[in-house]
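Engineer: Next input, structure requested:
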Amino acid sequence: MIVKLTWRFFNRYSQITHPLIRHFSNQSTLAAEPMFSQQSYMELSQKFYESMKECASLRSIPFARKLHAQLVFMGLESSIFLQNHLLHMYSNCGLIGEAYRVFGGIEFPNVYSWNTMINGFAESGQMREAEKVFEKMPERDTVSWNSMMSGYFRNGELEATVNVFVWMVQDCCCVPDQFSFSSVMKASGALGYLKLALQLHGFAVKFNFGKETYVENSVIDLYIKCGVMDSAQKVFSRTRNPSLFCWNSMIYGYSKYGRVKKALELFARMPDCDTVSWNTMISILSQHGFGAETLNTFYEMWHRGFRPNAMTYASVLSACTSIYDLEWGAHLHARIVRMEPGLDVYVGCSLIDMYAKCRRLDSARRVFDGMTEHNAVSWTSLIRGVVLAGFQEEAFVLFNQMREVPVVSDQFTLATVLGVCSSQKDISVGELLHALTVKLGLDSSVPVANALVTMYARCGYIQKANHAFELMPIRDIISWTAMITAFSQVGDAEKARECFDKMPEKNVITWNSMLATYTQHGFWEEGLKVYIQMLREGVKLDWITFATSISACADLAVLVLGNQILAQAEKLGFSSNISVANSVVTMYSRCGRIEEAQKMFNSIVVKNLVSWNAMMTGYAQNGQGRKVLEIFERMLDVGNVPDHISYVSVLSGCSHSGLISEGQYYFHSMTKDHGISPTREHYVCMVDLLGRAGLLEEAKKLVNQMTFKPNPAVWGALLAACRIHGNTKLAEFAMKNLLELDAERSGSYCLLANIYSESGKLQAVTNVRKLMRDKGVRKKPGCSWIEVDNRVHVFTVDDTNHPQIKDVRTMLEDFTKKIEETKKNKNAKVMNSSRFHNYHSDQLTCLIDHPCYKESLHSP
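Structural biologist: Residues are numbered from 1 along each chain as shown. You can find the predicted model right below:
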């Protein structure tokens, strides 16, 4: 039975105007009209062919079946010409089963029939069925081979595409054409086979296809994907009239390999541009951080009459986001609403991202609510926005709403939510999310696995972080860097180095992580070795490298090397970076070059709080308390708000300079004027300040008034003050509390023993030393070093290894006698000349840089 066609169906396809379709619209009129009997077979075949071609382009399944029924009704189903086009129509409509049944009913299929069936299976993703048809072919032509290659390529079987081309050449029955070369070149480019790319190019030239536009396009694209831009440039320059595809490919290639300037130059030379050209250039500028240039290019594109599409808007909105230009972004949003029929999902996600990162969550939410459909990207953009705004709990609420809709979470959604667990150190929620990633099969995804490693590391579960890292089938640079950072957090520099050495590929971020690991945990020399290794391996250094390396020089007090690193920073244009400049201020201060530190501080155009704190700390360490207060008041005058570190510097400066009233004033104003609650560090400074001034009872009273339990540093400061003023009773009280907190600190025992010794209580000294032996506490020898004439001199207590130690000790003995004679320092403890071998390492260190000692070395 043949189903009657209705006009309602044809109204949906008003663009179909062929007369045959109008006559097929109602079967009742078909028998009454004599026109078909009057038409020849050729005319009918032509009309059926045009109708089937039209139906294939529309992909109308009902109309395809009705056309087939009409073909049978007319008795034309055995026509090989119409059967082939029937095959093509069914394949295009996705009815591969019907197409195969038609193919099976063809008594004598020709090459076109076989090829059409191969194409049909390939387009439906059934390459194994396509292989069976191909193998059964009695005779093949070039199109047959091309169909198989094209099918393999479209279905992602790249190596099979190359193999079919090789088989085709070896078969010798068919000669490859330009489409053969295009397919195999696309596959080779996707695989990155450079050697094969060169062979294919030569082969194409041999077959005289080298100057075919289609092949030229493929060759340029092939070389770009294989990473040889010079070869692509040679082919492009030899092309007489490059197509737009060639121009666009070259522009994309230059940008892909970081040559944005070259891409801009090529774009400016283009004789003609299309929307693809403009979109490519806008996308390049946006991705490489040229926000203002992206907006200018978009304006020029619009001015020249090219209509932007969703890709254009997304790139421009991304540029607005990168430079936080909310006004431009809102203007573009208004234009999109006015000019476009609806809000594309891709554009909607970009708008949400822009508003969220510009801290306009209300606008982001309105865009989100106004979208007709939501996908994982739109949800993730909104979740990321609330996270950036600091609303972590809201992020979890949105994530749960997303799951209830439901929208399936992708790898980026899960990575974002896991990041919230990292910042909150919420291991319980993190483990639940880990279970969800396993359930969704995304635990092996690189972004998710990286987020898991980071989450476990920040929550303090290093073993779990390492386990997640070891389970990763694929690791990128971020994975390795996250693991290095994890080991660094627990102070395991050795494990971090092992991880670093195993890395197959490193970038400057990874090198900086290893450098920071060493410097943060006191392995400064190892850190500087990493810096030197970076130079040798040609790593492109950044401001973080220089800031960290100079900080290591500051901790080691090696000025010469620090100046060399600073010179390298100036050469590369990083000396003006505020973080680098702050590190230089600290380095000069710790090396005693306070004037040079002041010069560097003055050269900083826009100072941040770290700059002011570094300068104040420098003056405090060099005993210039008045300068600390001067800098602090200047900082307040320019509108900088101090933090707790600022007040540590101020109180420390007051302590080293004996500014008692000033120290007490700033200690109270810290809370009164700036709402900063005193920390243990502030109390240590105040106890030291009062103790040095002899106000021991006030210092003790301050300790008793602390709102939290004093730490060893507080009791240590009180104990040191007791030694200065010989207060053994209070020293015993401080020591008792100190031992309860830190019984292994050898310095505390030694300090108490010295107090007893200076008070003449020799039995008490013996008791302290016996207590140290009983507890297994051993005093670590003091160690000091100084850099003189490009050489670092290291001294320890009772040092006998330095080649000039006898001269140093002789000079120190002379200085001691002069101090005793002149009595310039009334608190100086005169040492017995017979015990010169017990000089402190600091005394030996300071003397070797003294002018008198240097002169004595050169005197006859």
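Engineer: does I383 sit in a helix, a strand or a coil?
Structural biologist: Classification of I383 using DSSP: H, G, I helix; E, B strand; the rest coil returns helix.
Engineer: From the structure, what's the count of residues near it?
Structural biologist: Counted with other C-beta atoms under 10 Å, residues neighbouring I383 total 27. From N, CA and C alone the C-beta is placed, and that goes for glycine too.
Engineer: these two touch, right, it and L414?
Structural biologist: No: I383 is not in contact with L414 according to C-beta atoms under 8 Å; the separation is 10.4 Å.
Engineer: In this structure, what helix or strand scores lowest on average pLDDT?
Structural biologist: The weakest-scoring helix or strand in the chain, judged by mean pLDDT, DSSP states H and E, is helix 7-11 (a mean of 31).
Engineer: Surely C349 touches I383?
Structural biologist: No: contact criterion C-beta under 8 Å: C349 and I383 do not qualify, at 11.9 Å.
Engineer: element containing E526, please.
Structural biologist: E526 is part of helix 524-536 when elements are defined by DSSP states H and E.
Engineer: Heading C-terminal from that helix, find the next helix or strand.
Structural biologist: helix 543-556.
Engineer: The helix or strand that that next one is followed by vs helix 543-556, what angle?
Structural biologist: Going down the chain from helix 543-556, the next helix or strand is helix 559-571, by DSSP H and E. Computed by axes from the mean of the first three to the mean of the last three C-alpha atoms, to 10 degrees, the angle separating helix 559-571 from helix 543-556 equals 160 degrees.
Engineer: contact partners of the next helix or strand along the chain from helix 559-571?
Structural biologist: Per DSSP H and E, the first helix or strand lying C-terminal to helix 559-571 is helix 578-590. With contact meaning C-beta atoms under 8 Å, 6 or more residues apart in numbering, helix 578-590 is reached by 543-544, 546-548, 550-551, 553-555, 557, 559, 562, 566, 569, 574-575, 594, 596-597, 600-601, 603-604, 606-608, 610-611, 614-615, 617-619, 621-622.
Engineer: shouldn't F290 be in contact with K261?
Structural biologist: No: using C-beta under 8 Å, F290 is not in contact with K261, being 10.6 Å away.
Engineer: okay, these two: which has more neighbours?
Structural biologist: Higher neighbour count among F290 and K261: F290, with 19 against 9, using other C-beta under 10 Å.
Engineer: contacting residues for the more buried one?
Structural biologist: Applying C-beta under 8 Å, 6+ apart, the residues contacting F290 are 260, 319.
Engineer: What is the helix or strand harbouring N466 packed up against?
Structural biologist: For N466, the host element (DSSP H and E) is helix 462-470. Contacts defined by 3 or more C-beta pairs under 8 Å, 6 or more residues apart in numbering; DSSP states H and E place helix 462-470 against helix 446-458, helix 477-489.
Engineer: residues of it that come out buried?
Structural biologist: For helix 462-470, the neighbour count (16 or more other C-beta atoms under 10 Å) marks 462, 464-466, 468-469 as buried.
Engineer: and which of the residues you listed is nearest to R65?
Structural biologist: A468 (54.2 Å; C-beta to C-beta).
Engineer: Can you point out the helix or strand that includes T297?
Structural biologist: Using DSSP H and E, T297 sits in helix 291-303.
Engineer: so how far is that helix off the chain centroid?
Structural biologist: 27 Å (C-alpha atoms, centre = their mean, to the nearest Å).
Engineer: if we look at the helix or strand following it, which residues are touching it?
Structural biologist: Next along the chain after helix 291-303, taking DSSP H and E as the criterion, comes helix 310-322. Helix 310-322 has contacts (C-beta under 8 Å, 6+ apart) with 275, 278-279, 282-283, 285-287, 289-291, 294-295, 298, 301, 308, 325-326, 328-329, 332, 336, 344, 346-347, 349-351, 353-354, 357-358.
Engineer: I'd like the next helix or strand past helix 310-322.
Structural biologist: Assigned by DSSP H and E, the successor of helix 310-322 is helix 326-339.
Engineer: Show me what that next one is packed up against.
Structural biologist: helix 310-322, helix 345-357.
Engineer: Which members of the contacts of helix 310-322 are classed as buried?
Structural biologist: Neighbour-count burial (16+ other C-beta under 10 Å) applied to the contacts of helix 310-322 gives 278-279, 282-283, 285-287, 290-291, 294-295, 298, 301, 308, 325-326, 328-329, 332, 336, 344, 346-347, 349-351, 353-354, 357-358.
Engineer: list the contacts for the residue nearest to V584 when sequence neighbours are not counted?
Structural biologist: Of all residues not flanking V584 in the chain, M600 sits nearest, at 4.9 Å (C-beta to C-beta, 6 or more residues apart in numbering). M600 sits next to 581, 584-585, 588 when contact means C-beta under 8 Å, 6+ apart.
Engineer: Helix or strand: which one has M600?
Structural biologist: In this assignment (DSSP H and E), M600 forms part of helix 594-603.
Engineer: If you count neighbours, what's buried in that helix?
Structural biologist: Buried residues in helix 594-603 (16+ other C-beta under 10 Å): 594, 596-598, 600-601.
Engineer: Find the residue at the geometric middle of the protein.
Structural biologist: Here the mean C-alpha position of the chain is nearest to the C-alpha of I478 (C-alpha atoms, centre = their mean), at a distance of 7.0 Å.
Engineer: how about the nearest residue to that one, chain neighbours excluded?
Structural biologist: Nearest-residue entry for I478: N450, 5.1 Å, with adjacent residues in sequence omitted and distances by C-beta to C-beta, 6+ apart.
Engineer: Correct me if wrong: the one you found contacts L414.
Structural biologist: No: using C-beta under 8 Å, N450 is not in contact with L414, being 11.0 Å away.
Engineer: how distant is the helix holding N466 from the center of its chain?
Structural biologist: Centre to centre, stretch against its chain (C-alpha atoms, centre = their mean), the figure for helix 462-470 is 20 Å.
Engineer: the inter-axis angle of that helix versus helix 477-489?
Structural biologist: Using the same axes, to 10 degrees, the inter-axis angle of helix 462-470 relative to helix 477-489 is 160 degrees.
Engineer: contact partners of helix 462-470?
Structural biologist: Helix 462-470 is contacted by residues 434, 449, 452-457, 475, 479, 482-483, 486-487, 489-490, 492 when judged by C-beta under 8 Å, 6+ apart.
Engineer: Please state the offset of stretch 286-297 from the chain centre?
Structural biologist: 20 Å.
Engineer: any idea of the mean pLDDT in that stretch?
Structural biologist: Mean pLDDT, stretch 286-297: 88.
Engineer: next one: stretch 597-617
Structural biologist: Average pLDDT, stretch 597-617: 93.
Engineer: Between the two ends of that stretch, how far is it?
Structural biologist: 11 Å (C-alpha to C-alpha, to the nearest Å).
Engineer: Check the offset of that stretch from the chain's centre.
Structural biologist: Here stretch 597-617 is found 29 Å from its chain centre; the criterion is C-alpha atoms, centre = their mean.
Engineer: next one: stretch 454-472
Structural biologist: Taking mean C-alpha positions (C-alpha atoms, centre = their mean), stretch 454-472 and its chain are 18 Å apart.
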